[in-house]
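# Using only what follows, build the 3D model:
(one chain, ligands or ions: 2)
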Amino acid sequence: MPMWNIVADENMPLVEELFSTLGSEQGRNNNQIKRLAGRHISRKDLADADILLVRSITSVNRQLLEETSVKFVGSATIGTDHVDTKYLAANDIKFSSAPGCNAQGVAEYVLTSIAYWAELRDRDLSEVTVGIIGAGNVGSRVIKVLERLGIRCLVNDPPLEDSGDARHFVSLDRIQQCDVVTCHVPFTRSGQYATYHLVDEEFLESMPNNSLLINSARGAVLDNKAAYRVKQAGKNIDYILDVWEGEPEVNVELMAKTLIATPHIAGYSQEGKIRGTYQLYQAVNQWLGLENTIPLNTLLPQAPKWHWSGLLSGLYQSLKPYYDIQADDKRMRQVKTDIRNKFDHLRKTYPQRLEFLDTL
Ligand SMILES: NC(=O)C1=CN([C@@H]2O[C@H](COP(=O)(O)OP(=O)(O)OC[C@H]3O[C@@H](n4cnc5c(N)ncnc54)[C@H](O)[C@@H]3O)[C@@H](O)[C@H]2O)C=CC1
Ligand SMILES: O=C(O)C(=O)[C@H](O)COP(=O)(O)O
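Ligands and ions are numbered 1, 2, ... in the order given. Okay, here's the model as predicted:
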């Protein structure tokens with residue numbers, strides 16, 4: 001008789017290794033693990049499930065969970081906009097996500113993006129100012145990396161500023177004037193700090209000529225239609241987009257106008273995915289009052305690290321052997337038709353990528 005019935009997204013690494021013997025120290029084992037495609041997990045699949053482990057493509061809400069036996073939901077992701085946390089709380093279903101798990105992967109994506117843009121547009125990064133919107137786990141890491149290289153950063157984060165965070169923040173209007181803007185906010189539709197279309201037509205029009213906008217937060221933080229219109233009208237601005245409004249749908253007209261287009265893989269380092277599953281293993285253990293018997297460091301790959309040289313000229317070429325963002329862009333552009341149905345496949349078959357920055 002299995003102890004726990006677990007349903008997990010098929011793209012989550014190490015679930016069997018971490019969860020199949022969970023509870024065995026109490027003489028319980030043989031948990032049953034069912035792996036399913038995240039976008040197709042249905043209420044029927046969860047009829048007898050105790051634990052549901054998802055990634056960002058499963059909408060977790062009443063429609064999915066009502067009349068199921070799920071008692072714990074874990075999302076091996078930073079973002080939680082796919083989860084109706086109010087519904088879970090009201091129905092006594094424990095929820096845990098994986099804050100910060102892939103923040104380093106995103107920071108490395110952003111660093112590489114900026115380095116690529118600077119090389120292509122012949123920009124001296126010591127004279128460039130980067131505006132960061134959102135200074136949580138990802139944004140803070142981006143700031144650390146860029147400042148360590150001597151690149152000037154300005155930061156906007158009204159929720160943190162209002163909470164009394166002592167760091168120096170600037171207004172969104174000031175961010176609009178930066179040479180590079182990069183978004184690291186959660187997706188929220190309502191409330192004082194809603195981020196839906198935070199970067200809209202007016203914002204893009206206000207950005208200086210020859211500037212760069214990076215969105216690796218959530219698609220709808222950027223008004224995709226407005227981004228297309230602004231570019232179509234002749235504005236001299238570059239876009240590097242990892243996330244798309246309405247994924248797995250992609251606005252292919254906008255994609256054609258990007259400098260780099262990727263299929264929501266900014267955080268897809270091997271380590272980031274492993275940390276995501278591991279954080280859920282820790283959370284389930286805590287929920288059950290069990291010890292974490294498997295240490296994280298036994299699961300992480302030992303990746304070669306890039307040497308911080310402090311040299312900004314030639315930065316992209318020095319990073320490229322560690323992370324080739326142009327190859328990611330090429331994979332996405334090779335999809336000529338029906339990208340909606342190929343988006344998940346691009347992500348599922350994403351080549352192994354290792355983190356290349358040492359401890360920050
Ligand atoms: N493309 C990818 O592969 C990945 C994307 N993400 C996205 O990045 C987002 C940010 O991740 P973390 O930094 O780890 O989250 P976090 O929760 O640590 O930080 C988010 C920050 O945004 C700030 N914020 C909220 N509303 C804001 C607003 N209206 N204006 C300015 N700042 C605002 C918050 O105060 C907070 O400091 C996630 O919610 C997720 O959507 C995260 C990981 C991977
Ligand atoms: O952690 C997040 O937030 C992300 O955006 C993830 O990188 C998304 O990856 P999937 O959960 O969609 O595989």
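
# what does this protein have sitting close to ligand 1?
The interface of the chain toward ligand 1, taken as CB under 6 Å from any ligand atom, is made up of 78-79, 100, 102-103, 106, 133-139, 156-160, 184-187, 193, 195, 198, 216-218, 242-243, 264, 266-267. No exception for glycine: its C-beta is placed from N, CA and C like everyone else's.

# Just the closest residue of the stretch 151-300 of the chain to ligand 1, please.
Nearest to ligand 1 in the stretch 151-300 of the chain, going by CB to the nearest ligand atom, is residue 267, at a distance of 2.9 Å.

# Over to the chain?
Closest point on the chain to ligand 1, by CB to the nearest ligand atom, is residue 136, at 1.7 Å.

# Distance of the nearest residue to that residue once chain neighbours are set aside relative to ligand 2?
Using CB to CB, 6 or more residues apart in numbering and skipping the chain neighbours, the partner closest in space to residue 136 is residue 184 (6.7 Å). Using CB to the nearest ligand atom, to the nearest Å, residue 184 is found at 11 Å from ligand 2.

# Would you mind confirming that residue 228 is in contact with residue 255?
No. Between residue 228 and residue 255 there is no contact under CB atoms under 8 Å: 9.3 Å.

# so what's residue 5 up against?
31-32, 34, 48-51, 69 (CB atoms under 8 Å, 6 or more residues apart in numbering).

# Just the pLDDT at it, thanks.
pLDDT recorded at residue 5 is 96.

# The one 5 residues further on now?
The predicted local distance difference test score for residue 10 is 97.

# Please give the element, helix or strand, for residue 18.
Here residue 18 sits within helix 15-19, counting by DSSP states H and E.

# what packs against that helix?
On a contact count with 3 or more CB pairs under 8 Å, 6 or more residues apart in numbering; DSSP states H and E, helix 15-19 meets strand 5-9, strand 32-36, strand 51-54, helix 270-288.

# Export the ones you listed as CSV, with columns for distance to residue 298.
Below are those laid out as CSV (distance: least, CB to CB, whole Å):
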stretch, distance to residue 298
strand 5-9, 20
strand 32-36, 20
strand 51-54, 20
helix 270-288, 10
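
# Name the nearest of the contacts of residue 5 relative to residue 3.
Using CB to CB, residue 31 comes nearest to residue 3 of the contacts of residue 5, at 5.3 Å.

# Hmm, residue 16 and the closest one touching each other?
No. Between residue 31 and residue 16 there is no contact under CB under 8 Å: 9.4 Å.

# More neighbours: which of the two?
Neighbours per residue (other CB atoms under 10 Å) separate residue 31 from residue 16, with residue 31 holding more: 19 against 13.

# how near is the nearest residue to that one once chain neighbours are set aside to residue 37?
Spatial nearest neighbour of residue 31, excluding adjacent residues (CB to CB, 6+ apart): residue 4 at 4.4 Å. Note on residue 4: its distance to residue 37, by CB to CB, to the nearest Å, is 21 Å.

# Which one's more surrounded, the two?
Legend: neighbour count by other CB under 10 Å for residue 4 and residue 37, higher for residue 4 (21 against 13).

# residues making contact with the helix holding residue 18?
Contacts of helix 15-19 (CB under 8 Å, 6+ apart): 4, 6, 8, 31, 33, 35, 51, 53, 277-278, 281, 284, 294, 299.

# In a markdown table: those residues, plus distance to ligand 2.
Converted to a markdown table, those look like this (distance: CB to the nearest ligand atom, whole Å):
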| residue | distance to ligand 2 |
| --- | --- |
| 4 | 22 |
| 6 | 17 |
| 8 | 12 |
| 31 | 22 |
| 33 | 18 |
| 35 | 14 |
| 51 | 17 |
| 53 | 11 |
| 277 | 11 |
| 278 | 14 |
| 281 | 16 |
| 284 | 18 |
| 294 | 22 |
| 299 | 18 |
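
# So which residues of the stretch 101-250 of the chain form strands?
In the stretch 101-250 of the chain, the strands defined using DSSP state E, counting those that start in this stretch lie at 129-133, 152-156, 180-183, 211-215, 237-241.

# Please identify the buried residues of stretch 188-195?
Neighbour-count burial for stretch 188-195, counted by 16 or more other CB atoms under 10 Å, picks out residue 195.

# That stretch vs ligand 2: in contact?
No. Residues of stretch 188-195 are not located near ligand 2 by CB under 6 Å from any ligand atom, the shortest gap being 13.4 Å.

# Straight-line length of that stretch, end to end?
Across stretch 188-195, the terminal residues are separated by 5 Å (CA to CA, to the nearest Å).

# How many neighbouring residues does residue 41 have?
Residue 41: 23 surrounding residues under other CB under 10 Å.

# With residue 233 instead?
Quick note: residue 233 (other CB under 10 Å) scores 9 neighbours.

# Let me know which of the strands of the stretch 101-250 of the chain is the nearest to residue 117.
strand 211-215 (4.9 Å).

# Pull up the distance across stretch 340-356, start to finish.
End to end - CA to CA - stretch 340-356 spans 31 Å.

# So what's the gap between that stretch and the chain middle?
Offset of stretch 340-356 from its chain centre (CA atoms, centre = their mean, to the nearest Å): 13 Å.

# May I see the buried residues of it?
Those would be 342-344, 346-347, 350, 353-356, for stretch 340-356 by 16+ other CB under 10 Å.

# what ranges do the strands span in the stretch 251-360 of the chain?
Remark: strands assigned in the stretch 251-360 of the chain by DSSP E, counting those that start in this stretch are 260-261.
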